[in-house]
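**Q** Mind folding the following:
(one chain, ligands or ions: 1)
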Amino acid sequence: MAAQQNQLVWQEKAACRGPLADVFFPPSVVERKNEKLAREDRAKQICRECPVVADCREYAISIREPHGVWGGLSEQERRQLLTH
Ligand code: SF4
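**A** Now for the predicted structure:
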């Protein structure tokens with residue numbers, strides 16, 4: 001319960017809340033590699049200014065979140081962390 005409450009607290013401070021959230025996840029249409037990299041770069045710029053980046057990254061890694069940019073890391077970057 002405490003862990004769930006802690007999770008809610010950091011998510012309330014997330015810099016990606018609101019209309020900017022779209023850049024953190026792939027669109028519903030096919031995305032080219034250069035488009036994906038550009039979108040992820042935009043998301044990571046927001047993460048760099050986010051006050052809860054460490055909590056977010058830890059959470060995404062702990063649940064093995066398979067999609068999107070979390071804590072300044074793409075899904076591939078998180079996978080690499082888990083395999084090394
Ligand atoms: S670190 Fe990035 S993905 Fe995580 S809450 Fe902040 S802005 Fe959102």
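
**Q** Leaving out chain neighbours, which residue sits closest to residue 52?
**A** Nearest residue to residue 52, sequence neighbours excluded (Cβ to Cβ, 6 or more residues apart in numbering): residue 10, at 4.2 Å. The C-beta positions use only the backbone N, C-alpha and C, and glycine is treated the same way.

**Q** Tell me where this structure is predicted with low confidence.
**A** Within the chain, the ranges that satisfy pLDDT under 70 run 1-7.

**Q** wait, what's in contact with residue 66?
**A** If you count contacts by Cβ atoms under 8 Å, 6 or more residues apart in numbering, residue 66 has them with residue 75.

**Q** Make sure it is indeed in a strand.
**A** No: the assignment for residue 66 (DSSP: H, G, I helix; E, B strand; the rest coil) gives coil, which keeps it out of a strand.

**Q** re the thing from before, okay, now the residue nearest to residue 52: neighbour count?
**A** By other Cβ atoms under 10 Å, the residues close to residue 10 number 17.

**Q** Would you confirm that residue 25 contacts residue 67?
**A** Yes: in this structure residue 25 lies within contact range of residue 67 using Cβ atoms under 8 Å: 6.0 Å.
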